[in-house]
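[1] I'd like to go over a predicted model; first the sequence, then the structure.
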Amino acid sequence: MGLRDLSLKEEYRSDRENLIEEFFLPCLDNCIEYDRAVEYAALKSLTAYYFGLKNFLSNNVQIRIVTGHRLRTSDLNVLSKLYTKNNGKFSLNRNPALGKKYPILNEMIKTNKLRIKIAIPNSEEVYGSFSEKIGIFHDENDDMVAFTGTSNETFDPQNRNFESIDVFTSWNDKSRVDIKTKDFENLWQNTTKNISVYDFDDAVKKNLLNYSAEWVLNAS
């Protein structure tokens, strides 16, 4: 089964559909690559990807994320450790439930199934931080599904915003999907005007990642 076999709508809205169960999980479960540009990348959302994929560690799914440079202090500390050479030799959390997720995240990073890059505005024409919200699913048949409009992927039923997303498929709206795909690839290759993009470990070494009180308010 591929993306084309899913019954996808052109729009999903919180008052009519369950965005996670009706869109994200089916697409994750039927893709081989997921590309995401989002303002905030939290551990809660990163570990949630595992639960959207059957047998994640045994298949070839790749996840690429371009995100802004503001993270929770605890998230930044954990991700920084996961990107070090000794990332498997420390205790991340005494909570048994969380303790099961972090080794998975560690394995995803070690095997390059999860790659993260940091986008930072570098021009006076852009104020604030990187806050683009696009995503693209790719399957083994070269079909693609792109979407815009949401930054929330915690998969937590107790912490979901009221929001909507617009969806485009390569078989019904190829030009729009091609545009989104090109936009993401330009970000990934660091060729987007007014934005500098760094590998996560490079951003850590250069001390480019920040903790922001505004991020705490938005993510609570």
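    The structure has been received and is ready for your questions. Remember, it's a predicted structure, so these values are computed and weren't measured experimentally.
[2] low-confidence ranges, this structure, go.
    Per-residue confidence of the chain (counting by pLDDT under 70) places the weak regions at 48-59, 84-101, 151-160, 210-220.
[3] one more time with 80
    Counting by pLDDT under 80, the chain contains low-confidence ranges at 41-60, 70-75, 77, 83-105, 124-128, 150-162, 210-220.
[4] any buried residues in the longest strand anywhere in the chain, and which?
    Across the chain, the strand with the greatest residue count (assigned by DSSP state E) is strand 114-121. Judged by neighbour count using 16 or more other Cβ atoms under 10 Å, the buried positions of strand 114-121 are Leu114, Ile116, Lys117, Ile118, Ala119, Ile120, Pro121. Where C-beta positions appear, they are placed from N, C-alpha and C, glycine not excepted.
[5] ditto for stretch 24-41
    24-28, 30-32, 34-41.
[6] swap in stretch 129-139?
    Neighbour counts over stretch 129-139 (16+ other Cβ under 10 Å) mark Ser129, Phe130, Glu132, Lys133, Ile134, Gly135, Ile136, Phe137, His138, Asp139 as buried.
[7] I'd like these laid out as TSV, including secondary structure and distance to Leu19.
    Rendered in TSV, the data for those read as follows (DSSP: H, G, I helix; E, B strand; the rest coil; distance: Cβ to Cβ, whole Å):
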residue	secondary structure	distance to Leu19
Ser129	coil	24
Phe130	coil	22
Glu132	coil	18
Lys133	coil	13
Ile134	strand	15
Gly135	strand	12
Ile136	strand	16
Phe137	strand	14
His138	strand	20
Asp139	coil	20
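[8] turn the residues you listed into TSV, including distance to Tyr12.
    TSV is the format used below for those (distance: Cβ to Cβ, whole Å):
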residue	distance to Tyr12
Ser129	26
Phe130	24
Glu132	19
Lys133	14
Ile134	15
Gly135	12
Ile136	16
Phe137	14
His138	20
Asp139	19
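[9] ok, the residues you listed vs Gly2, which is closest?
    Each of the buried residues of stretch 129-139 was checked against Gly2 using Cβ to Cβ; the closest is Asp139, at 4.4 Å.
[10] residues contacting the closest one?
    For Asp139, the contacting residues are Gly2, Leu3, Arg4, Asn30, Cys31, Ile32, by Cβ atoms under 8 Å, 6 or more residues apart in numbering.
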